[in-house]
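*Asks:* My questions concern the predicted model and sequence given below.
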Amino acid sequence: MDKKWWKEAVAYQVYVRSFKDSNGDGVGDLKGLISKLDYLKNLGIDVLYLNPINTSPNYDNGYDISNFEDIMQEFGTLDDFDELIRELHKKNMKLIMDIVINHTSHEHPWFIESRKSKDNPYRDYYIWHPGYNGGPPNNWGSFFGGSAWEYDENSGEYYLHLFSKQQPDLNWKSIKLREDIKKMIKFWINRGVDGFRMDAINHLAKDFTFPDAEIEEGKAYGNFIKYVQNLPEVHEYIREIREDVFKDGYHVVIGETGGISYHNASIYTGTSRKELDMTFHFDMNGIGFGKNSWEKRPIDLIADIKEKMSGWQRRDESEGWCPLFYSNHDSTRTVSRLGSDNEYLNESAKMLALLQLTQKGTPFIYYGDEIGMTNAKEFSLEDFRDIAIATRYRELVETKLVSEENFLKGLHITSRDNSRTPMQWDSSDNSGFSCTKPWIKVNSNYKYINVEQQLQDKDSILNFYKNLISIRKAHPAFIYGSFKELNHEHKEVYSYLRELEGKCFLVIANFFGKTTTYKIPHNIVMKEAELLISNYEIGEDVEFDYTGDLELKLEPYESRAYLLKNQP
Ligand code: TEU
Ligand code: CA
């Protein structure tokens, strides 16, 4: 196994805007983050992945960058950044930066120049088209709703934006652009950044013949995905960056790649590809979502969970490494989507943590998941902030395609804002996140779901994560060990072995909120098995019947990890 620091680390994703506000403007910032590094170090975190912190007008909360080589004014200054890096490295922690190089903000100087005229030197930094018969070049719809083309009166042409019109796509065919982007990455490497997460990286190449796309039922625009995702040139661009910028092999290079999963991620992460070390996928984002956004469906453990999780686990080393995450800033909250955010909040959050921290890959704990933060169930339409909502509202509700009631129900199930509410530090005003009204409403359950309360409770979700992280670090089998799933056909229990150099661990998880039984396979030797961790008190009377038929009764969401002492 090719050992790397980023394979052995436990990472933690910080949505800086919502983490800790140090200066009372209601927005999280770097000084606030610095004040919480001891909390993260004590939890056992080695690496922080920060969502974009560069200068931005924040139409898409930092994913619309107007200056790549400075820090967003709301988050602080380059000096604050340098202090953050110094403090992290002092604590033997590292930083992964989110860089957005598929597009910029429309306020970026490059775009301001580019739109000045058709012959401006920066014109070809973006994707311009004259359009046809007074209309856009084709019927593509953007990811955020509406057309993917915006007409620019000034220069009399349309520009392409896969996301919002405030995020014009960069033209990666431009060699000058690519040189500028590589220079920018080196700027951050020189400032001490240890790794990069490259946003929407598999969209860098587009089909420049711009054909019309198929318009699916109930949609107003064509689905452009096959013309703007995973085109062959993407690999050339990524390889060029890797060769020019990351040749020393120290930094971890992660790509966000929608539409990629365990069966094809190796086209980016295969060790022979020399492109990415890991890909962030979307496999877990929509689990349990129904046909319409306002409907949920029961989770099918085999199809939704085992196929995907075990699929990622079974990949050969040559196919590359993988992240282990169940939520991020583009999803809803883990425990609300995959567990139970009411009666069994504690048990289900711990079960999901046990799966995340006993599998092969780099765990990325999303801020707040370590205390079981939930979706913002009481948000009204006005409480949502995501840029995608306004466009979608116009497109779906104003056109009567969807009722406002269903639209709001849909937001409660699918909106990204569910996972962007302020970190719940304590039960004081604004959950201890800020001394003033935050940019987005605090989840009202902060009174009883918060860090301060859980630090003092030995049975809290927080302390369960802390114990799991130390168990993971104590046993390299969880990092570099083999993975073998057991009882794949069991509809309620997910179970597997991890093994390295004769040390064998058994993980058993009842994925649902009702009791079930689980037959431990005959070939698993439970004699003198040591229970490492469980989310229930296991009575001493649990006698293992060594005659072979070993059946466990598992409580709702009950999950355990054992060290097997006599497993051949
Ligand atoms: O998301 C990327 C993204 O949403 C697309 O890749 C798309 O969803 C996927 O290809 C579908 O298969 C990133 C950020 O994570 C998100 O927060 C930003 O809003 C977006 O890019 C624009 O920067
Ligand atoms: Ca602030």
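*Replies:* Received the coordinates, thanks. Numbering: from 1, shown residues only. Ligands and ions are numbered 1, 2, ... in the order given.

*Asks:* and residue 363, that's in a helix?
*Replies:* No: secondary structure of residue 363 (DSSP: H, G, I helix; E, B strand; the rest coil): strand, not part of a helix.

*Asks:* how about the closest residue to ligand 1 within the stretch 451-568 of the chain, secondary structure?
*Replies:* For the stretch 451-568 of the chain, the residue closest to ligand 1 is residue 465, as judged by C-beta to the nearest ligand atom, at 23.7 Å. Heads up, the C-betas are built off the backbone N, CA and C, glycines and all. Look at residue 465: counting by three-state DSSP, its state is helix.

*Asks:* Looking at this structure, which helix is longest?
*Replies:* helix 175-190 (DSSP state H).

*Asks:* So what touches that one?
*Replies:* With contact meaning C-beta atoms under 8 Å, 6 or more residues apart in numbering, helix 175-190 is reached by 68-69, 97, 99, 101, 110, 124-125, 170-172, 196, 237, 240-241, 244-245, 251.

*Asks:* Flag every buried residue along that helix.
*Replies:* 177-178, 180-182, 184-185, 188-189 (16 or more other C-beta atoms under 10 Å).

*Asks:* Repeat that for stretch 436-446.
*Replies:* 438-443, 445-446.

*Asks:* Where does the residue nearest to the spatial centre of the chain sit, in terms of helix or strand?
*Replies:* For the chain, the residue nearest the mean C-alpha position is residue 328 (3.4 Å; C-alpha atoms, centre = their mean). Using DSSP states H and E, residue 328 maps to neither a helix nor a strand.

*Asks:* Check the gap between the spatially closest residue to it that is not a sequence neighbour and ligand 1 for me.
*Replies:* Nearest residue to residue 328, sequence neighbours excluded (C-beta to C-beta, 6 or more residues apart in numbering): residue 366, at 5.4 Å. Remark: distance between residue 366 and ligand 1 (C-beta to the nearest ligand atom, to the nearest Å) = 12 Å.

*Asks:* per-residue pLDDT, residue 366?
*Replies:* On the pLDDT scale, residue 366 is placed at 98.

*Asks:* And the one 3 residues further on, by the same measure?
*Replies:* Among the per-residue scores, residue 369 shows a pLDDT of 98.

*Asks:* sorry, back to before: what about the residue of the stretch 451-568 of the chain closest to ligand 1, how many neighbours?
*Replies:* 27 (other C-beta atoms under 10 Å).

*Asks:* Which residue comes closest to it once chain neighbours are left out?
*Replies:* Nearest one to residue 465, counting by C-beta to C-beta, 6+ apart, is residue 370 at 4.5 Å.

*Asks:* Provide a list of residues in contact with residue 73.
*Replies:* residue 55.

*Asks:* shaky segments in the chain?
*Replies:* Flagging of the chain using pLDDT under 70 yields the residue ranges 539-549.

*Asks:* how about the residues of it near ligand 1?
*Replies:* 60, 63, 100, 143, 163, 199-200, 229, 256, 258-259, 282, 329-330 (C-beta under 6 Å from any ligand atom).

*Asks:* again, 5 Å this time
*Replies:* Counting by C-beta under 5 Å from any ligand atom, the residues of the chain close to ligand 1 are 60, 63, 163, 199-200, 258-259, 330.

*Asks:* Can I get the buried part of the residues you listed as one PyMOL selection?
*Replies:* Here is the PyMOL command that picks out the buried ones among those, judged by 16+ other C-beta under 10 Å:
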select buried, resi 60+63+163+199+200+258+330
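
*Asks:* one step back: now the buried residues of helix 175-190 in a markdown table, with distance to ligand 2?
*Replies:* Formatted as a markdown table, the buried residues of helix 175-190 follow (distance: C-beta to the ion, whole Å):
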| residue | distance to ligand 2 |
| --- | --- |
| 177 | 33 |
| 178 | 35 |
| 180 | 30 |
| 181 | 29 |
| 182 | 32 |
| 184 | 25 |
| 185 | 27 |
| 188 | 22 |
| 189 | 27 |
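
*Asks:* Quick check: of the residues you listed, which lies closest to residue 45?
*Replies:* residue 188 (20.8 Å; C-beta to C-beta).

*Asks:* For residue 145, see how far away the closest one is.
*Replies:* 32 Å (C-beta to C-beta, to the nearest Å).

*Asks:* Please check the contacts of helix 175-190 and keep the buried ones.
*Replies:* Looks like the contacts of helix 175-190 have 68, 97, 99, 101, 110, 125, 170-172, 196, 237, 240-241, 245, 251 buried, using 16+ other C-beta under 10 Å.

*Asks:* Which ones among the residues you listed lie within strands?
*Replies:* Among those, the ones falling in strands (DSSP state E) are 68, 97, 99, 196.

*Asks:* on that earlier part again, quick one: contacts for the residue of the stretch 451-568 of the chain closest to ligand 1?
*Replies:* Residue 465 touches 43-44, 353, 357, 365, 370, counting by C-beta under 8 Å, 6+ apart.

*Asks:* Contact distance from ligand 2 - what residues of the chain qualify?
*Replies:* Proximity of the chain to ligand 2, by C-beta under 5 Å from the ion, involves residues 21, 23, 25, 27, 29.

*Asks:* Of the residues you listed, which belong to helices?
*Replies:* Using DSSP H, none of the residues of the chain next to ligand 2 sit in helices.

*Asks:* Using ChimeraX, define a selection of the buried residues within those.
*Replies:* In ChimeraX, a selection of the buried entries from the residues of the chain next to ligand 2 looks like this (16+ other C-beta under 10 Å):
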select :21,27,29
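
*Asks:* quick one on the thing from earlier: what two of the buried residues of stretch 436-446 have the greatest distance between them?
*Replies:* 439 and 445 (19.0 Å).

*Asks:* measure stretch 319-329 end to end?
*Replies:* For stretch 319-329, the first and last residues are 26 Å from each other (C-alpha to C-alpha, to the nearest Å).

*Asks:* Run through the residues that contact residue 554.
*Replies:* 493, 508, 510, 515-518.

*Asks:* Would you report the backbone torsion angles of residue 516?
*Replies:* Phi and psi for residue 516, reported as degrees, to the nearest 10, are phi -150, psi 170.

*Asks:* What of the one 10 residues further on?
*Replies:* The phi and psi values for residue 526, taken as degrees, to the nearest 10, are phi -90, psi 0.

*Asks:* ok, it touching residue 550?
*Replies:* Yes: between residue 526 and residue 550 there is a contact at 6.0 Å, judged by C-beta atoms under 8 Å.

*Asks:* Chain neighbours aside, what residue packs nearest to whichever residue of the stretch 301-450 of the chain sits closest to ligand 2?
*Replies:* Distances between the stretch 301-450 of the chain and ligand 2 by C-beta to the ion are smallest at residue 434, namely 7.1 Å. Nearest residue to residue 434, sequence neighbours excluded (C-beta to C-beta, 6+ apart): residue 21, at 3.6 Å.

*Asks:* cool, and residue 459?
*Replies:* Per C-beta to C-beta, 6+ apart, closest to residue 459 is residue 346, 7.7 Å.

*Asks:* List the residues that contact that neighbour.
*Replies:* 372, 459-461, 535.

*Asks:* and the residue in the stretch 151-300 of the chain that ligand 1 sits nearest to, what element?
*Replies:* Residue nearest to ligand 1 within the stretch 151-300 of the chain: residue 258 (2.2 Å; C-beta to the nearest ligand atom). Per DSSP H and E: residue 258 is located in neither a helix nor a strand.

*Asks:* so it touches residue 201, yeah?
*Replies:* No: taking contacts as C-beta under 8 Å, residue 258 lies outside contact range of residue 201: 9.8 Å.

*Asks:* So what does the residue nearest to residue 459 have for phi and psi?
*Replies:* Note on residue 346: backbone dihedrals following degrees, to the nearest 10 are phi -60, psi -50.
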